[in-house]
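> Generate coordinates for the sequence data below:
(one chain, ligands or ions: 2)
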Amino acid sequence: MAIALRHEENLSHEEKLTVDSLARLIRGEVELIWHRGYYPAVLCQQALPRITTECEAAGYTLTDDFQSLGTSLGEAAENTTNAERYLATAAETTALIRQKIFDGQLSPTDLLRLDVDELWPYGATVARYRGQTMLPGIIRRWPGGAHANPHIDQRDIPLLESYRLTRRIGVNVYLQVPEPGNGGEIDFWGIFSSEAEYVSRKRADYGLDRTALGDPHFSVLPGQGDLLMFDAARVHGVRRVERGARVTAACFLGVRGTSDPLVLFA
Ligand SMILES: O=C(O)CCC(=O)C(=O)O
Ligand SMILES: [Fe+2]
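Ligands and ions are numbered 1, 2, ... in the order given. Sure thing, here's the model as predicted:
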């Protein structure tokens with residue numbers, strides 16, 4: 001069955017992460033922040049071989065569609081075993097990313113966390129669940145042939161319940177992207193105003209059927225080092241990588257009230 005979501009011709013976007021653009025994204029006044037060259041290309045290049053090695057060794061259980069370094073909150077939301085693994089492995093994933101992958105250089109999600117803590121008037125901190133630190137950042141890799149189904153990232157899940165989030169902002173820093181014309185774009189469709197309706201449309205594995213959504217409303221092929229931030233209630237998916245590979249460092253910003261600290265998690 002076709003899924004009708006309100007179609008906007010162009011998503012409004014800001015080109016730099018600043019006090020103002022962050023506040024506008026948080027308030028829902030702008031759709032995207034697309035900040036080119038946020039993370040230095042030379043640091044992306046240094047990390048890539050180590051990411052490939054670690055991703056090939058890691059087991060990701062939610063899907064074979066792409067690889068992931070660390071158990072994500074999306075995976076944790078599937079069942080209680082995953083949720084326990086998520087909390088139990090967060091610290092070791094962070095140490096792996098910080099020490100082994102970025103080798104003492106500031107990782108993209110650590111840099112982002114410092115920036116948003118300083119830019120948002122009420123600060124930003126890693127999310128906690130019953131006193132346990134959640135994962136502040138994750139690395140994902142799409143080898144040739146990989147994609148991600150269109151989906152939203154839900155706020156209404158047990159691990160986030162105590163925060164009563166009003167918005168969940170997706171954050172990605174692109175460490176590697178395919179050459180133009182070889183896929184790997186992030187495609188956007190409309191916003192789901194009800195998570196319950198989204199859940200009723202979900203596939204058995206994860207996300208939605210691309211064919212039920214029709215053509216994307218908007219699509220972005222980021223460059224190496226680019227930062228992209230968007231409301232994760234907007235349906236988004238990764239177009240199949242035809243050639244080359246795609247690597248991201250990702251996290252989310254959880255928004256509560258307009259004068260509360262942000263929480264970060266992945
Ligand atoms: O890798 C991307 O471009 C988007 C990944 C994603 O689904 C997200 O950040 O929520
Ligand atoms: Fe997502």
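> what stretches of this protein score poorly on pLDDT?
Within the chain, the ranges that satisfy pLDDT under 70 run 1-9, 59-62.
> Show me which residues of it sit near ligand 1.
148, 153, 170, 172, 186, 232, 236, 238, 248, 250 (Cβ under 6 Å from any ligand atom). The way it works is simple: take the backbone N, C-alpha and C, and place the C-beta from them, glycine included.
> burial count for Thr133?
15 (other Cβ atoms under 10 Å).
> beta partners of it?
Here Thr133 sits in beta bridges with Arg128, as judged by DSSP bridges.
> my guess is it meets Thr93, correct?
No - using Cβ atoms under 8 Å, Thr133 is not in contact with Thr93; the gap is 11.1 Å.
> picking up where we left off before, just send the residues of the chain next to ligand 1 back as a markdown table, with secondary structure and neighbour count too.
Shown next, in a markdown table, are these (DSSP: H, G, I helix; E, B strand; the rest coil; neighbours: other Cβ atoms under 10 Å):
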| residue | secondary structure | neighbour count |
| --- | --- | --- |
| Ala148 | strand | 20 |
| Asp153 | coil | 18 |
| Gly170 | strand | 20 |
| Asn172 | strand | 24 |
| Ile186 | strand | 23 |
| Ala232 | coil | 20 |
| His236 | strand | 25 |
| Val238 | strand | 23 |
| Thr248 | strand | 25 |
| Ala250 | strand | 20 |
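> can you give me the strands in the stretch 151-266 of the chain?
167-176, 186-191, 218-220, 227-231, 234-238, 246-255, 262-265 (DSSP state E, counting those that start in this stretch).
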